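J.: no sequence for this one, just the structure:
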């Protein structure tokens, strides 16, 4: 018998489990919406240099009041390579000759330009006020937007470390963990609580300490061997597994938050993208649930993570004018990353032995938070090339999918309770490979 037999007695999927999941979903919802706000509070509106003849409240005496706004803009702001007004430079003197028809053949490179020494004018039709418009985080200061996002994510990382233990006051302790750590009486109380909420009758008669001890006999014997933090590193197989899980979580978080914190850089409507990501979140996770049950944890994660990386990389080569295709690829990449995160969390929890699951999960989660914090900093590379950050985001997803291939499958497998279980799994896998190789060699 094993722990899942005890769960059947208290109701493996009842009101207790539903309430726990609902509470966790509410907490995650309240936290995640603040991350998404960065797409709006740090949005960069259209902008140009402030020029006196165009933006001064009083008209000058040189007859500019007879000219249209387009004409004044034409003589004040040079055009970039896409024939759009420059965002960071202006003419030192108005170029009146540009108003004449024959000015098409005039060499603009001869005109002297300068930075926006008097500030900028912002298009406030979509964003009335952001940190960009408040502190002029454009042009030479644009990299500070990435720093602001990094500080926000670093704050989340710090909060997860400081306040992680507060969850013990809100959520029930894992009965399995209490059993493994040789606390059967406390585990029995948690199981009784779950049975009571699930409406199970006579649970005190059928679920006793004796039943618990007989059911978890092997696990209780293994619990006598205390596990220290050093066991995570001294055991080679466990250390390898945790290192792979840390890299996978970090790489996926880099891609995930790299995409979700920079929706405006995808070249489409940030409001529409945000709505699509929100609406498709639940279907994406349901698809991940179906895939994990039919294809397995490892294959599902490899599939979703690699396809997410491919969609990000393909979007780099799509022209900015093809808004619909960019929208489809961006939405597809977001949905695949949602599914990938779900598979990653499920797979990692099932790979860790119960005795050190909390500690190992904390280490893995910490590396993931580091990846989340570093993701916005990669956008600073746009000063060299606008595509470099997206190559890294897509490349990390592909690397994560390769790392998952080195991990074992956990579908329909019992959860490991002790470090010895990891060793037994490894030895059984080696024997199976040797047997398979022997059969292939000797069948001829």
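T.: Everything's here; your move. On a predicted model such as this, the values are computed, not experimentally measured, just so you know. Residues are numbered from 1 along each chain as shown.

J.: tell me the confidence at residue 62?
T.: Looking at residue 62, its pLDDT reads 49.

J.: now do the phi/psi pair for residue 115.
T.: For residue 115, the backbone dihedrals (degrees, to the nearest 10) come out as phi -70, psi 180.

J.: ugh, typo on my part, it should be residue 85
T.: phi -60, psi 130.

J.: burial measure for it, as a count.
T.: 17 (other Cβ atoms under 10 Å). Quick note: C-beta positions are derived from backbone N, CA and C, even for glycine.

J.: repeat for residue 119
T.: Neighbour tally, residue 119, other Cβ under 10 Å: 11.

J.: what about the closest residue to it other than its chain neighbours, neighbour count?
T.: Beyond its immediate neighbours in the sequence, the residue positioned closest to residue 119 (Cβ to Cβ, 6 or more residues apart in numbering) is residue 50, lying 4.7 Å away. By other Cβ under 10 Å, the residues close to residue 50 number 17.

J.: distance of residue 50 relative to residue 78?
T.: 15 Å (Cβ to Cβ, to the nearest Å).

J.: the residue nearest to residue 119 contacts residue 121, correct?
T.: Yes - the criterion here is Cβ atoms under 8 Å, and residue 50 meets it with residue 121 at 5.3 Å.

J.: where do the strands sit along the stretch 201-350 of the chain?
T.: Counting by DSSP state E, counting those that start in this stretch, the stretch 201-350 of the chain has no strands at all.

J.: can you get me the start-to-end distance on stretch 34-46?
T.: 24 Å (Cα to Cα, to the nearest Å).

J.: returning to what we had before: distance check, the residue nearest to residue 119 against residue 144.
T.: Counting by Cβ to Cβ, the gap from residue 50 to residue 144 is 20 Å.

J.: go through the top helix by length along the chain and flag the buried ones.
T.: Scanning the chain for the helix with the most residues, using DSSP state H, yields helix 323-351. Neighbour-count burial for helix 323-351, counted by 16 or more other Cβ atoms under 10 Å, picks out 326-351.

J.: what average pLDDT does it get?
T.: Mean pLDDT, helix 323-351: 91.

J.: next one: stretch 216-236
T.: Mean predicted lDDT for stretch 216-236 stands at 66.

J.: what ranges in the stretch 251-400 of the chain fall below the confidence cut-off?
T.: Applying pLDDT under 70 to the stretch 251-400 of the chain flags residues 267-268.

J.: quick one, helices of it?
T.: Assigned by DSSP state H, counting those that start in this stretch, the helices in the stretch 251-400 of the chain fall at 270-294, 297-316, 323-351, 357-374, 388-404.

J.: the residue nearest to residue 119 and residue 142, how far apart?
T.: 17 Å.

J.: same question, residue 238
T.: 44 Å.

J.: comparing those two, which shows the higher neighbour count?
T.: Higher neighbour count among residue 238 and residue 142: residue 238, with 22 against 18, using other Cβ under 10 Å.

J.: isn't that one right up against residue 419?
T.: Yes - at 5.9 Å, residue 238 counts as touching residue 419 under the criterion of Cβ under 8 Å.

J.: and the closest residue to residue 160 other than its chain neighbours, how many neighbours?
T.: Here the nearest residue to residue 160 in space, its sequence neighbours aside, is residue 369; by Cβ to Cβ, 6+ apart that works out to 6.0 Å. Using other Cβ under 10 Å, residue 369 has 22 other residues around it.

J.: check contacts around residue 369.
T.: Neighbouring residues of residue 369 by Cβ atoms under 8 Å, 6 or more residues apart in numbering: 153, 156-157, 160, 253.

J.: please tabulate those residues in CSV, including the columns neighbour count.
T.: Shown next, in CSV, are those (neighbours: other Cβ atoms under 10 Å):
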residue, neighbour count
153, 23
156, 15
157, 17
160, 15
253, 26
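
J.: between these, which is closest to residue 13?
T.: Using Cβ to Cβ, residue 160 comes nearest to residue 13 of the contacts of residue 369, at 28.4 Å.

J.: what about the closest one, helix or strand, and which?
T.: Assigned by DSSP states H and E, residue 160 falls within helix 143-162.

J.: what's that helix in contact with?
T.: 31, 35, 38, 42, 44, 131-132, 135, 137, 257, 261, 365-366, 369-370, 372-380, 383.

J.: if you set the cut-off to 7 Å instead, what comes out?
T.: Identification of contacts with helix 143-162 by Cβ atoms under 7 Å, 6 or more residues apart in numbering yields 38, 42, 131-132, 137, 257, 261, 369-370, 372-373, 376-377, 379-380, 383.

J.: quick check: mean pLDDT of it?
T.: 86.

J.: could you do stretch 92-99 as well?
T.: Mean per-residue pLDDT for stretch 92-99: 82.

J.: that one: which residues count as buried?
T.: Neighbour-count burial for stretch 92-99 [16+ other Cβ under 10 Å]: 94-95, 98.

J.: what about that stretch, start to end distance?
T.: 17 Å.

J.: now do the helices in the stretch 1-150 of the chain.
T.: Using DSSP H, counting those that start in this stretch, the helices of the stretch 1-150 of the chain run over 3-10, 15-36, 38-41, 52-55, 69-76, 131-135, 143-162.

J.: turn these into a markdown table, including distance to residue 215.
T.: A markdown table is the format used below for these (distance: least, Cβ to Cβ, whole Å):
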| stretch | distance to residue 215 |
| --- | --- |
| helix 3-10 | 6 |
| helix 15-36 | 19 |
| helix 38-41 | 48 |
| helix 52-55 | 78 |
| helix 69-76 | 78 |
| helix 131-135 | 57 |
| helix 143-162 | 34 |
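
J.: what's the closest of those to residue 300?
T.: Evaluated over the helices of the stretch 1-150 of the chain, closeness to residue 300 peaks at helix 15-36, with 20.2 Å, by Cβ to Cβ.

J.: my guess is residue 184 contacts residue 209, does it?
T.: Yes - the pair residue 184 / residue 209 is scored as a contact, 5.6 Å apart, by Cβ atoms under 7 Å.

J.: between these two, which one's more packed in?
T.: residue 184 (18 against 11).

J.: domains in this protein, by residue range?
T.: 1-13+175-224, 47-122, 225-424 (automatic domain parsing).

J.: just say which of those is most tucked in.
T.: Compared across the domains of the chain, domain 225-424 shows the largest average neighbour count, a mean of 19 (mean count of other Cβ atoms under 10 Å).

J.: next up, phi/psi of the residue lying closest to residue 78 once chain neighbours are set aside, please.
T.: With sequence-adjacent residues excluded and distances taken as Cβ to Cβ, 6+ apart, residue 78 is closest to residue 86, at 5.0 Å. The phi and psi values for residue 86, taken as degrees, to the nearest 10, are phi -60, psi 150.
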